[in-house]
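Asker: structure of the sequence below:
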Amino acid sequence: MLMRTDPFREMDRIVQQLAGTSGTWSKPSVIPMDAYREGDAYMIAFDLPGVSTEAIDIDVERNMLTVKAERRPVAKADSVKVELSERLLGVFSRQVMLADTLDTEHIEADYDAGVLTLRIPIAERAKPRKISIGTAADTGPRQISA
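Answerer: Numbering: from 1, shown residues only. Down below sits the predicted model:
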C-alpha cells in the first residue's frame, strides 16, 4: 500500500472525487515548452510524457501553431483497485504565434522520450543576403552586405 504525506493533496483528491473530475480536467491544460534558435531554424520542445504519437495533433493556420494532445487512461481490469491516481489525464493544448519570417510550409516534427520537438526553418526572404549596386561609372555591379 502507498502512503500519502501531504494532507492538502489528500483534500484536493477528495474534492475532485466529489466533483467527479478525479484524474481529468474539464478544460485543456497548457503544455510546457521551451523555444530556442539553432542555426537557421527555431526549435520548440513540448513536454508530453505518456502521450502516444497518435494522440498528438499539430496544426498551422496562417501564423498560429496549435499543438493538442490527449493522455488517455490505461485500461484496468475490473479486479484492480486504484490506490493512488496523480497522473493527469485529458486534453493538453498550446498555441504559439509564429513570426512572418518563419517558413511554416517546412515544419518538421520529432517525438522522442516524451518530448515533441518542432523544427521551424527561417524563411529565405528573412535571411541576410548581398545586394548588388551598379553605377554608370562602374563597368559592373559591386556587392555589399545587407
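Asker: all contacts plus neighbour counts: C-alpha atoms, from now on.
Answerer: Noted.
Asker: which strand residues bridge the closest residue to Arg72 other than its chain neighbours?
Answerer: Sequence neighbours aside, Leu89 is the residue nearest to Arg72 in space, at 5.8 Å (criterion: C-alpha to C-alpha, 6 or more residues apart in numbering). Beta-bridge pairing for Leu89 (DSSP bridges): Thr24.
Asker: for Met64, see how far away Leu89 is.
Answerer: For Leu89, the distance to Met64 equals 25 Å [C-alpha to C-alpha, to the nearest Å].
Asker: from Val51, how far out is the residue nearest to Arg72?
Answerer: Noted for Leu89: a distance of 10 Å to Val51, by C-alpha to C-alpha.
Asker: helices of the protein, residue ranges please.
Answerer: Here the chain has its helices, by DSSP state H, at 7-19.
Asker: isn't the residue nearest to Arg72 right up against Ala69?
Answerer: No: between Leu89 and Ala69 there is no contact, the gap being 10.3 Å when judged by C-alpha atoms under 8 Å.
Asker: neighbour-wise, which of those two wins?
Answerer: Ala69 (22 against 19; other C-alpha atoms under 10 Å).
Asker: what's the pLDDT at that one?
Answerer: The model reports Ala69 with a pLDDT of 95.
Asker: name the residues contacting each of Leu89 and Val51.
Answerer: Glu70, Arg71, Arg72 (C-alpha atoms under 8 Å, 6 or more residues apart in numbering).
Asker: bridging residues for the second one?
Answerer: When you say that, I think you mean Arg71. With DSSP bridges applied, Arg71 shows beta-bridge pairing to Gly90.
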